[in-house]
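Trainee: coords please:
(2 chains)
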Amino acid sequence: MLWLALHFPRLAVETHLPQAPCVVVDKDRVHALDVVAEAAGIVPGMRLSAALGLAPTLSVLARDPERERMALHALACWSGNFTPHVSVLAPAALLLEISGCLRLFGGLSSLHARIQEGCARLGWSLQAAMAPTPLAAYWLALAGETVRVSDKEELPRALARLPVEVLGPDANAMRRLASFGVRHVGDLLGLPRDGLAHRFGPQLPLALARALGEMPDPQPWFVFPERFAQRIELMAPVASTQALLFVAKRLVGALAGWLAARVAGVGACELVLEHADDIPATHVVLGMAGVTRHADRIERVLRERLERLQLAAPVEYVGLRAEAPEALPGATDSLFGEVAVDALAPLIERLRARLGEDRVGGLAVVADHRPECATALQALGRKTTGGLGQGARPLCLLGKPVSLPEIDGRPCRDGPLQLLAGPERIESGWWDSGEEQGKARGDVRRDYFVALTRRGEWLWIFRDQGGWFWQGVFA
Amino acid sequence: MALPVPLLADVLLRPDVWRGDSLARESGEGAPSGFPELDAELPGGGWPRGALTELLCAQQGIGELSLLRPALASASQEGWLGFVSPPYALHAPAWASAGIALDRLWLVRAEAARDAAWSSEQMIASGALSVVLAWLPKADAYSLRRLQLAAEGQRTLVFVFRPLACAGTASPAPLRLKLEAGADARLAVQLLKRRGPPCTRVLSLPVLRPVAVPRLPAQTNPVPRARSPRLARST
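Mentor: As a prediction, this is how the structure comes out:
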């Protein structure tokens, strides 16, 4: 077993997406801070007044343990992208069991690089370490050592340099250890275990035994939820859709990880934007062409939809919901490199997201003699059969037939028309009541002709009891 | 230090360099248009792949799509066809009987001119479609340049329909054709621009027409009077 521990040292701050510099305060003492505040000289544990003295433009936020827990839950879902065996270590760490997935990602370096890149894109700072036991990996990550320990024999040497603070937040025990002169874990490992048990209770030697791999350390696995429904509270109400994109990216990343862990995909998910007071929430449905679990495809559709969205009111909460995942095993490449409809799905989604769902489609022939009813729009790539054997038909039809004036008994359009073929009588649709709106065109009784204008245009015209009309173009 | 001097023969092999009296050599084979007279005048022996072909028509219905019908029919056997913002609705039975597989046809209806140009660019740049036909009456040279850049390096046939008024303005398309109704129900095609010497003669191409044109002059064609209904027989 190989364990990768991910420690998020600034989770409390980054979950708020604040302006820099920023600190999170717990009972008047600084609990967590961001990079800019750290550069100004603030350290955790400092009093708030001292911190404000060092950086007057500091923004101060109260610590919210519930928010941190939800952020860690979302990060656990996101790490489903890499492995389904995830364990959550409160308050700000995750343990990933990666021995099964190392080969899939091409080795530890590339897996580590992908995790780093993913976290950087979503705005989380990360410390990662790998070890054969979970507790050792966690301690190494807490201390900020980015090391890879592959053998149990190397563990004592790797853990030797760590400060004893990684063992836990028990201030009493730390003080006593300091009074012994024990500053590093290496010193602690050198002391006899039963003496430690006698002075500090059984927990400390047990922890050391588990870290060194002498005792088994089963971890409770994180259970990926049945339905994905996460929401993030924004620090301040946001009125522009651009600012929502970054928050929504985190939700999409968590969704993609959740789907990867369940080996499933979604065809549609719903973005819920909640406003203040009693204004009803805005629901934006993101539909994909086909079932997918790729985060960048969902993000692209999301970006297109957000660009076209007009917000009714400033947004306070952003939520993402996906109801029914469908099983989606990994795709196999086709042998001869054909471009199937699935490969075109990202292009179709992009076009639909910008133009509208019903603006991109294919054509189908409907078995109806009436020309305006003989074409139907349908989903792309579907084969249809049907259609009636007919005479000459124009490639293009007008939306509504245009009335033609009649001079000396001949229809005219920029001059008298020369009728070359016809009449072809089409009589159909006796069952339609003939409302103008909708598909029903009513009873049709027309004589169709092929006409040539003076300028050489080929038109398809008809005559019915209302007179002469122009309906098609032989393009 | 002297730079290596390329041989003239190597330079002439490039698709964008040609001698004044010969057609350019295209980097790939052109798609046969179905009209040998036209293929003889086109560089590459057919419609150029990976480059814009601009079709300027004075009127609708003179046979502009019938000119492309053979190339579209053969392309729909293997690949996908995309139609962006056609001015009229497409009549599916006619396309099916013209030999084009309807399940390979994409119809993209974009209202705004900018959306139509963007859709065309996305479809060309993806490289997934064999043919893209776009009606862009309001496109300017800048949009066409973007389409041309998107098409370079792909194997897509790109046809852009623009009104005849644009014939006088410069365009980045390497092939520009002017289509007009010719005598005897043929289509008069004039090559305004091509990669080669300017084409002086006007081609008269026998595109497929719905009916054969009778030789009688127009005035003696009688108008049939409205009669009692009889069984329809297509002519």
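
Trainee: Now do the strands in chain B.
Mentor: For chain B, the strands defined by DSSP state E occupy B:51-57, B:81-84, B:89-90, B:105-108, B:131-135, B:157-163, B:175-181, B:187-193, B:203-205.

Trainee: what pairs with the fourth one, and is each one parallel or antiparallel?
Mentor: Strand pairing for strand B:105-108, determined by DSSP bridges: strand A:360-365 (antiparallel), strand B:81-84 (parallel).

Trainee: what distance separates it from the middle of the whole chain?
Mentor: Put simply, strand B:105-108 sits 17 Å off its chain's centre (CA atoms, centre = their mean, to the nearest Å).

Trainee: Dump the C-alpha coordinates for that strand into PDB.
Mentor: Extracted in PDB, the C-alpha atoms of strand B:105-108 (Å, rounded to 0.1, in the frame of the first residue of the first chain):
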ATOM      1  CA  LEU B 105     -25.900  16.600 -42.600                       C
ATOM      2  CA  TRP B 106     -25.700  19.300 -39.900                       C
ATOM      3  CA  LEU B 107     -27.800  22.300 -40.000                       C
ATOM      4  CA  VAL B 108     -26.700  25.300 -37.900                       C
END
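
Trainee: got the contact list for the helix or strand where residue A:121 lies?
Mentor: For residue A:121, the enclosing helix or strand under DSSP states H and E is helix A:108-122. Here helix A:108-122 makes contact (CB atoms under 8 Å, 6 or more residues apart in numbering or on different chains) with A:4, A:6, A:78-79, A:81-82, A:98, A:101-102, A:105, A:125-126, A:128, A:130, A:148, A:249-250, A:253. Just so you know, the C-beta spots here come from the backbone N, C-alpha and C atoms, and that holds for glycine as well.

Trainee: gap between the most centrally placed residue in chain B and residue A:8?
Mentor: For chain B, the residue nearest the mean C-alpha position is residue B:159 (4.7 Å; CA atoms, centre = their mean). Distance from residue B:159 to residue A:8, counting by CB to CB, to the nearest Å: 54 Å.

Trainee: What segments of the chain are helices?
Mentor: This is for chain A. A:11-14, A:35-39, A:48-54, A:65-78, A:108-122, A:134-142, A:155-160, A:171-180, A:185-190, A:193-200, A:203-212, A:241-262, A:295-307, A:341-355 (DSSP state H).

Trainee: you looked at the wrong chain, it should be chain B
Mentor: Counting by DSSP H, residue ranges of the helices within chain B are B:8-12, B:36-41, B:64-78, B:92-97, B:113-126, B:141-151.

Trainee: will you turn the ones you listed into JSON lines that also has distance to chain A?
Mentor: JSON lines is the format used below for the helices of chain B (distance: least, CB to the nearest CB, whole Å):
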{"stretch": "helix B:8-12", "distance to chain A": "31"}
{"stretch": "helix B:36-41", "distance to chain A": "18"}
{"stretch": "helix B:64-78", "distance to chain A": "4"}
{"stretch": "helix B:92-97", "distance to chain A": "4"}
{"stretch": "helix B:113-126", "distance to chain A": "5"}
{"stretch": "helix B:141-151", "distance to chain A": "13"}
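
Trainee: Would you mind finding the most buried of these?
Mentor: Among those, ranked by average contacts under mean count of other CB atoms under 10 Å in any protein chain shown, first place goes to helix B:92-97 (a mean of 23).

Trainee: Averaged pLDDT, it. What do you get?
Mentor: Helix B:92-97 carries an average pLDDT of 88.

Trainee: try stretch A:264-271
Mentor: Average pLDDT, stretch A:264-271: 86.

Trainee: Kindly report the same for stretch A:91-110.
Mentor: 88.

Trainee: likewise stretch A:416-431?
Mentor: 84.

Trainee: Of all the residues in that stretch, which ones are buried?
Mentor: For stretch A:416-431, a neighbour-count test (16 or more other CB atoms under 10 Å in any protein chain shown) marks A:416-429 as buried.

Trainee: Please list which of these are also close to chain B.
Mentor: Restricting these to those near chain B by CB under 8 Å from any CB of the partner chain leaves A:416, A:418-427.

Trainee: Of the helices of chain B, which shows the lowest average pLDDT?
Mentor: helix B:8-12 (a mean of 80).

Trainee: Kindly export that helix (C-alpha atoms) in PDB.
Mentor: C-alpha atoms of helix B:8-12 as PDB (Å, rounded to 0.1, in the frame of the first residue of the first chain):
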ATOM      1  CA  LEU B   8      14.200  27.400 -57.700                       C
ATOM      2  CA  ALA B   9      12.700  24.000 -58.300                       C
ATOM      3  CA  ASP B  10      12.100  23.500 -54.600                       C
ATOM      4  CA  VAL B  11      10.500  26.900 -54.300                       C
ATOM      5  CA  LEU B  12       8.200  26.200 -57.200                       C
END
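
Trainee: circling back to that earlier point, Throw the helices of chain B into JSON lines and include distance to residue A:258, thanks.
Mentor: What follows is the helices of chain B, written out as JSON lines (distance: least, CB to CB, whole Å):
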{"stretch": "helix B:8-12", "distance to residue A:258": "57"}
{"stretch": "helix B:36-41", "distance to residue A:258": "56"}
{"stretch": "helix B:64-78", "distance to residue A:258": "39"}
{"stretch": "helix B:92-97", "distance to residue A:258": "42"}
{"stretch": "helix B:113-126", "distance to residue A:258": "29"}
{"stretch": "helix B:141-151", "distance to residue A:258": "36"}
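
Trainee: Tell me the spacing between the closest residue to residue B:130 other than its chain neighbours and residue A:296.
Mentor: Computed as CB to CB, 6 or more residues apart in numbering or on different chains, the closest residue to residue B:130 that is not its neighbour in sequence is residue B:79, at 2.9 Å. Residue B:79 sits 26 Å away from residue A:296, going by CB to CB.

Trainee: Which of the two has more residues huddled nearby?
Mentor: Neighbour count, other CB atoms under 10 Å in any protein chain shown: between residue B:79 and residue A:296, residue B:79 has more, with 18 against 11.

Trainee: What does the more buried one show for phi and psi?
Mentor: When read as degrees, to the nearest 10, the backbone of residue B:79 gives phi -130, psi -160.
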